[in-house]
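Peer 1: Sequence first, predicted model second:
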Amino acid sequence: MIDCRTLGPVEVSVDGAGAPAPLLWRKNLALLIYLARSPKRTRSREHLVGLLWGDKPEAAARHSLNEAVRVLRLCAGEEGVASDARQVRLAPGAVELDTDRFEALVASGDVGAAAALVAGDFLEGFGVPGASAFDDWLAAERLQWRRRSLDALVRHSEALIAAGRVAEASDAAQRALALDATCSAAMRALLRARALAGDRAGALKQYDAFVARLAADVGAVPDAETLALAERVRRERVWRLPERLRTSGPSGPASRRAPLAGRCAELARLGDVWAACRRERRAAVAVIEGEGGHGKTRLAEELVARARLDGAAVAAVRAVEADTADPWSGVLGIARSGLLEARGAAGAPSAALARLRGEPGDATPAWALAAVAAAVAEERPVAMVADDAHWLDRPSLLALDALVRDLAGAPLLLVVTVAPHPPRAELDALRARVGREVAGVALRLGPLDADALRELARWALPAYDAVALDRVTRRVATDSAGIPLLAVELLHAVASGLDLRQSPGAWPEPLRTLDQTLPGALPDAVVAAVRVGFRRLSADAQRVLAAAAVLGGRVPAAALERAAEVGGDALAAALDELEWQRWLTAEARGYAFVARIVRDIVARDMVTAGQRERIRAAARA
């Protein structure tokens, strides 16, 4: 069988081996591919003579066609090519084109596999001098296959973005732009992928080059959709990161910002809920449940990042244990973490705005939140996030439940992340409504499997071969129990030089979660990994993180400034570093550790007794 790769520079093999030289002669190869792309793989001799040998006398042209058919038959077999006085036909199975595989894969829905076949334009760089009719056909085929290849690559990039695989999505979008440097859909996919990877500067650099190409090549400007997305990317947060992270890549192995391994399906389901919420203009709820360290916050962050790029108003809070006893703290936190500043909020009743700002009045916080959310949702979709919602106060939980009911016809998505303990009846009631009384999804996160851990190991240790990766994956699975937080800590530390062979494993204890575990009960390798990560922080970030660990709970930036004795731009840069590296999570009211166990390790191992007292005294000053 003859196999031809045509979506890119042409490659031909015969029965798995290299093609003989005569088959690769331009007109012989052109005849083969043209027949394979023809209806029923059949053409008349008159047509083929005119297509490829129209510049020759008739007798010479027919002789050349016969010679070409002879070469095809030698390669495809006697039964592979049939010819008579009138026509030439390729037998079924004699020739396989990558375009045939492409069409079959697209028809079956496997756009990713189809996109993988695209290596460039159809028969890139190929031509037949003196065969103008063939060149006209080739130009039309190239145009058709460029459109189809672009569609597959862009769709594949968008699917990868939806699954959280933004590095691969960026590559697919770049390949699409290599085919057509003025493709707006490909540019939008690249903008999203780069922005979601945290590479705002790289995204805007690519966009500026795209704008210049459009102006130079076709005298046009980007369409409204692309302009709007670029502007949203331009408004994305600018992270002030240490030189070490900027030069090695903000999400590379030097960073604790790992790829979203093992959670692609969950993110895609969340994305589907968000898309339906906007498309159908109806409220929806997403409940993300899991033990500590299983990635609830990360999933919520990924969804929120996509919502911002979609133009949504975003309001997010992170509850801490003390919030349980502080009535309405959750509602006020959401209002002051983005909702009050959103476009459209000014259209809400003044009494509602005043109540959420903390001014005296008779309005209830629940009514005020609904009124402001409704005003904002009139102009744009709204995404609200309550992280660690099991620590929210009861009135706020009830208010969020009522909000979804009262704004059922608004494009509002409420995302709550929750641990199984402590149990909250209010959250149980909300979860029970999902999929029945209210649109949405309830997810339960478990430990990562071996494939996901191996993916993380490949990211963290790109120089390791397959054997070494399997070995470190098994060890990390033992030490981390598949908990994403610990797996990332361990792999990051291994990449920084930690030798896992020097530390005993055997964890977790039966029936104990990460939140119930003391630092001393963890494997030595996990504790050592946190220490390694801490020591790789900048000096200012170490001081701020130590202060946050000692003070505990949610700490306002002003308290961290006093306690760490780091202020101004240095404090802002340190907080950016800690938030980017996922040590801390932030909201309008302050900063809290992403994981309590990490806070406990830092407080126990990275701070002396004297430092603890000085930090507490400075915070009180």
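Peer 2: Noted; the coordinates are in hand. Numbering: from 1, shown residues only.
Peer 1: When you work out contacts or count neighbours from here on, use the C-alpha atoms and nothing else.
Peer 2: Will do.
Peer 1: From Leu400, how far off is Arg436?
Peer 2: 17 Å (CA to CA, to the nearest Å).
Peer 1: So those two - more neighbours on which side?
Peer 2: Taking other CA atoms under 10 Å, Arg436 and Leu400 do not tie; Leu400 has more neighbours (22 against 9).
Peer 1: Can you list phi and psi of that one for me?
Peer 2: Main-chain dihedrals, Leu400, degrees, to the nearest 10: phi -70, psi -40.
Peer 1: check contacts around it.
Peer 2: 331, 366 (CA atoms under 8 Å, 6 or more residues apart in numbering).
Peer 1: Please repeat the previous calculation with a cut-off of 6 Å.
Peer 2: For Leu400, no contacting residues are found, by CA atoms under 6 Å, 6 or more residues apart in numbering.
Peer 1: Tell me the spacing between it and Ala368.
Peer 2: In terms of CA to CA, Leu400 sits 12 Å off from Ala368.
Peer 1: ok, and for stretch 217-234, which residues are buried?
Peer 2: 221-222, 226-230, 233 (16 or more other CA atoms under 10 Å).
Peer 1: where does the protein dip in pLDDT?
Peer 2: Scanning the chain for pLDDT under 70 picks out the ranges 247-254, 505-507, 511.
Peer 1: Quickly list the domain ranges of it.
Peer 2: 2-132, 264-444, 450-532, 537-620 (automatic domain parsing).
Peer 1: returning to that earlier point: let's see which of the buried residues of stretch 217-234 end up in helices.
Peer 2: 226-230, 233 (DSSP state H).
Peer 1: Out of these, the closest to Gly198 would be?
Peer 2: Val233 (10.2 Å; CA to CA).
Peer 1: contacting residues for the closest one?
Peer 2: Contacts of Val233 (CA under 6 Å, 6+ apart): none.
Peer 1: mind putting the buried residues of stretch 217-234 in CSV, distance to Gly109 included?
Peer 2: Listed next are the buried residues of stretch 217-234 as CSV, based on distance: CA to CA, whole Å:
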residue, distance to Gly109
Val221, 33
Pro222, 30
Thr226, 27
Leu227, 30
Ala228, 30
Leu229, 28
Ala230, 30
Val233, 31
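Peer 1: which residue ranges form the helices in the stretch 1-150 of the chain?
Peer 2: Assignment of helices within the stretch 1-150 of the chain using DSSP state H, counting those that start in this stretch yields the ranges 26-36, 45-52, 58-76, 98-108, 111-116, 132-162.
Peer 1: can I get those in JSON lines with mean neighbour count and distance to Trp580?
Peer 2: JSON lines is the format used below for the helices of the stretch 1-150 of the chain (neighbours: other CA atoms under 10 Å; distance: least, CA to CA, whole Å):
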{"stretch": "helix 26-36", "mean neighbour count": "20", "distance to Trp580": "52"}
{"stretch": "helix 45-52", "mean neighbour count": "19", "distance to Trp580": "61"}
{"stretch": "helix 58-76", "mean neighbour count": "17", "distance to Trp580": "58"}
{"stretch": "helix 98-108", "mean neighbour count": "15", "distance to Trp580": "38"}
{"stretch": "helix 111-116", "mean neighbour count": "20", "distance to Trp580": "30"}
{"stretch": "helix 132-162", "mean neighbour count": "20", "distance to Trp580": "20"}
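Peer 1: if I look at Ala375, how far off is Arg535?
Peer 2: Ala375 sits 47 Å away from Arg535, going by CA to CA.
Peer 1: and the two? which has more neighbours close in?
Peer 2: Shown here are Ala375 and Arg535; by other CA under 10 Å, Ala375 has more neighbours (19 against 13).
Peer 1: quick one: Val287 is in a helix?
Peer 2: No. Val287 sits outside any helix when classified using DSSP: H, G, I helix; E, B strand; the rest coil, being strand.
Peer 1: Once you drop chain neighbours, what's closest to it?
Peer 2: Using CA to CA, 6 or more residues apart in numbering and skipping residues adjacent in sequence, the residue nearest Val287 is Ala442, 4.6 Å away.
Peer 1: Could you export the domains of the chain as CSV, including distance to Leu204?
Peer 2: Shown next, in CSV, are those (distance: least, CA to CA, whole Å):
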stretch, distance to Leu204
domain 2-132, 25
domain 264-444, 14
domain 450-532, 25
domain 537-620, 20
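Peer 1: between those, which one is nearest to Leu214?
Peer 2: domain 2-132 (19.9 Å).
Peer 1: got the end-to-end distance for that closest one?
Peer 2: Using CA to CA, the end-to-end distance of domain 2-132 comes to 26 Å.
Peer 1: what's the spacing between Ala609 and Val530?
Peer 2: Distance from Ala609 to Val530, by CA to CA: 19 Å.
Peer 1: Would you state the strands of the chain in chain order?
Peer 2: Here the chain has its strands, by DSSP state E, at 2-5, 11-14, 17-18, 42-44, 81-83, 87-90, 95-97, 284-289, 313-318, 382-387, 412-418, 439-444, 584-587, 590-593.
Peer 1: Of these, which is nearest Leu353?
Peer 2: Smallest distance to Leu353 across the strands of the chain (CA to CA): 15.2 Å, for strand 313-318.
Peer 1: That closest one - contacts with which helices or strands?
Peer 2: Contacts defined by 3 or more CA pairs under 6 Å, 6 or more residues apart in numbering; DSSP states H and E place strand 313-318 against helix 329-334, strand 382-387.
Peer 1: Many thanks, have a good one.
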